[in-house]
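Trainee: Here is my input, please return the structure:
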Amino acid sequence: MTAQTAQTATPTPPASQWKWFSALTGLTSLAIFLQAVTAGEFVSQDHREVWIGIHNIISDVTLALALVTAIFALMTLRKFAPALASIAVVLFVLVLAQTAIGHLITDAHADGWIGVHVPLAFVIFGMTAWISFRATALRRATT
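Mentor: Next comes the predicted model:
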């Protein structure tokens, strides 16, 4: 490798950072998937209040995981994968909005927000899948 090539080469983070980011995105994705499962459970109306309670607890866990993932991405990956870091932050903001809308629905009985809450869930699910797949691809490319 020449000095000129070394100066123009794109730096890459250590493989361990990709592993951590992949793990965080995987956990966030799992929590988001569990949100969909629990939402489907209370649609049937059987044990509705219990499932709404579980859904609310998982939403807090999801929010925390999305926040940790976004912070990790900003601190460790923004130089190497700025688009991925930005999407992680956008995902956190959307999960925060989704959580707030969910609380409006359950706590303030503002059922009119369901028409926003459900489609936004699909957007969030798609984003978390994209981030997970992209993180895994980048991790594999650096190892």
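
Trainee: Who are the packing partners of the host helix or strand of I101?
Mentor: Assigned by DSSP states H and E, I101 belongs to helix 82-107. Using 3 or more CB pairs under 8 Å, 6 or more residues apart in numbering; DSSP states H and E, the elements in contact with helix 82-107 are helix 15-43, helix 48-76, helix 114-142. C-beta coordinates here come from the backbone N, C-alpha and C atoms, glycine included.

Trainee: where does this protein dip in pLDDT?
Mentor: For the chain, the stretches with pLDDT under 70 are 1-11.

Trainee: With adjacent residues omitted, what lies nearest to Q98?
Mentor: Using CB to CB, 6 or more residues apart in numbering and skipping the chain neighbours, the partner closest in space to Q98 is L120 (5.3 Å).

Trainee: wait, isn't the one you found in contact with L96?
Mentor: No: look at L120 against L96 with CB atoms under 8 Å: they stay out of range, at 11.2 Å.
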